[in-house]
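Visitor: A structural model of the following input is requested.
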Amino acid sequence: MTYRMIHSCIRVMNLERSEKFYTEALGFTVARRKDYSEHKFTLSYLRSPGSDFELELTWNHDQAEPYELGNGYSHLAVSVADLEASHQRHEEMGLNPKPLKGLPGQGARFYFLSDPDGYLVEVVRE
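Guide: Below you'll find the predicted structure:
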């Protein structure tokens, strides 16, 4: 039996702001949106170019307080060929990426940035 990853879900406070972050900062596209206004929530599915895996953004219309993200180091990860150019671009966009880092004994291999709700996104060199 084979299992294939299809999506990961995060809950967001402002759907438009989150869609803007993922489309402008990371080049994702909105694949589809499902609005369940009678149940007070909307689902937005985003894809990165060349991938079938989706990021599901769930917006609960009546959520007043930000979600608790916990104290773990959970994150999404994307890869990019030119890590330094990507880091500079995110700096220029005012996204305040963390410094370039590498694992012990390695050069720069990744950095992190936060989405509008505080979820971490790791940008890794391909």
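
Visitor: residues near residue 99, how many?
Guide: Here the number of neighbours of residue 99 (other CB atoms under 10 Å) works out to 8. Every C-beta, even on glycine, is put in place using the N, C-alpha and C of the backbone.

Visitor: same thing with the one 3 residues further on?
Guide: The criterion is other CB under 10 Å. On that basis, residue 102 has 11 neighbouring residues.

Visitor: Now do the same contact list for it.
Guide: Neighbouring residues of residue 102 by CB atoms under 8 Å, 6 or more residues apart in numbering: 108-110.

Visitor: Report the buried members of these.
Guide: Neighbour counting with 16 or more other CB atoms under 10 Å marks residue 110 as buried within the contacts of residue 102.

Visitor: Now intersect the contacts of residue 102 with the strands, please.
Guide: Of the contacts of residue 102, the ones assigned to strands by DSSP state E are residue 110.

Visitor: Same list, the contacts of residue 102, but as TSV with pLDDT please.
Guide: Shown next, in TSV, are these (pLDDT from 0 to 100):
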residue	pLDDT
108	94
109	96
110	95
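
Visitor: Between the contacts of residue 102, which sits nearest residue 72?
Guide: residue 110 (17.6 Å; CB to CB).

Visitor: In a markdown table: the contacts of residue 102, plus distance to residue 79.
Guide: Below are the contacts of residue 102 laid out as a markdown table (distance: CB to CB, whole Å):
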| residue | distance to residue 79 |
| --- | --- |
| 108 | 14 |
| 109 | 10 |
| 110 | 9 |
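
Visitor: so which of the contacts of residue 102 comes closest to residue 21?
Guide: Once CB to CB is applied, the member of the contacts of residue 102 that ends up nearest residue 21 is residue 110, at 18.6 Å.

Visitor: For that closest one, which non-adjacent residue is closest in space?
Guide: With CB to CB, 6 or more residues apart in numbering as the criterion, residue 110 has its nearest non-adjacent residue at 4.6 Å, and that residue is residue 124.
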